[in-house]
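Undergrad: Just a sequence and a predicted model for now, questions to come.
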Amino acid sequence: MSIQATLNYWMNKKLFNATLLGFVGAVPEAHFALTVGEEHVCPLFLFQNSMGWGDGTPTSTKFSWVLYAKGTDDHSVYMLFGTKEGALNFAAKYLTGGCLINPFDDEYKGRKWNWQN
C-alpha cells in the first residue's frame, strides 16, 4: 500500500469515535507500522467501548478504554485500560518519542498489547 493510501486508510472517520492522540514509533519486528525512511510509524487512537470490542482480550465494563495503534492493512495492536487517565499516561511515553511500541514486551499492570485483525 502506498504512503498516501495508508494515511487515507488510517484517517477514516468511521473509527469508533476515537480521538487521534498522535503518531508514534513501533519496533520494526512487529511488522504492523508504516515504514517511512528508517522509521516505523502508526497513529495512536483512544476510545471507549464496554461492549466487547477486540480480537484478543475483549473490552469489558472494567476495562473499557482502548489505546489502539492502527497498523497497515489488517494488523493493529491495542491495550485495555480501566480509566482514561491510565491510558493517556501510558500513551505519553510513546507520544513523546521516548519509546517505540513493542507488542512483544510492553505491558501495563500485567496486561500486554493484543493483536487486532
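TA: Yep, that arrived.

Undergrad: Please count neighbours and contacts with C-alpha atoms only from this point.
TA: Will do.

Undergrad: mind checking which helix or strand Trp115 is in?
TA: Under the criterion DSSP states H and E, the helix or strand holding Trp115 is strand 114-116.

Undergrad: Direction included, what does that strand pair against?
TA: strand 76-81 (antiparallel) (DSSP bridges).

Undergrad: after the strand it pairs with, next one along is what?
TA: Downstream of strand 76-81, the next assigned helix or strand under DSSP H and E is helix 84-95.

Undergrad: Remind me what that following helix packs against, helices and strands.
TA: Here helix 84-95 touches strand 19-25, strand 65-69, going by 3 or more CA pairs under 8 Å, 6 or more residues apart in numbering; DSSP states H and E.

Undergrad: Next SSE downstream of the first one?
TA: Going down the chain from strand 19-25, the next helix or strand is strand 34-36, by DSSP H and E.

Undergrad: next one: that following strand to chain centre, how far?
TA: The chain centroid and the centroid of strand 34-36 are separated by 16 Å, computed with CA atoms, centre = their mean, to the nearest Å.

Undergrad: Neighbouring strands - and their directions - for that strand?
TA: strand 39-48 (antiparallel).

Undergrad: Relative to the whole chain's centre, how far out is the strand holding Trp115?
TA: Using CA atoms, centre = their mean, the offset of strand 114-116 from its chain centre is 9 Å.

Undergrad: residues making contact with it?
TA: The contact list for strand 114-116, computed with CA atoms under 8 Å, 6 or more residues apart in numbering, reads Gly54, Asp55, Gly56, Thr57, Asp74, His75, Ser76, Val77, Tyr78, Met79, Pro103.
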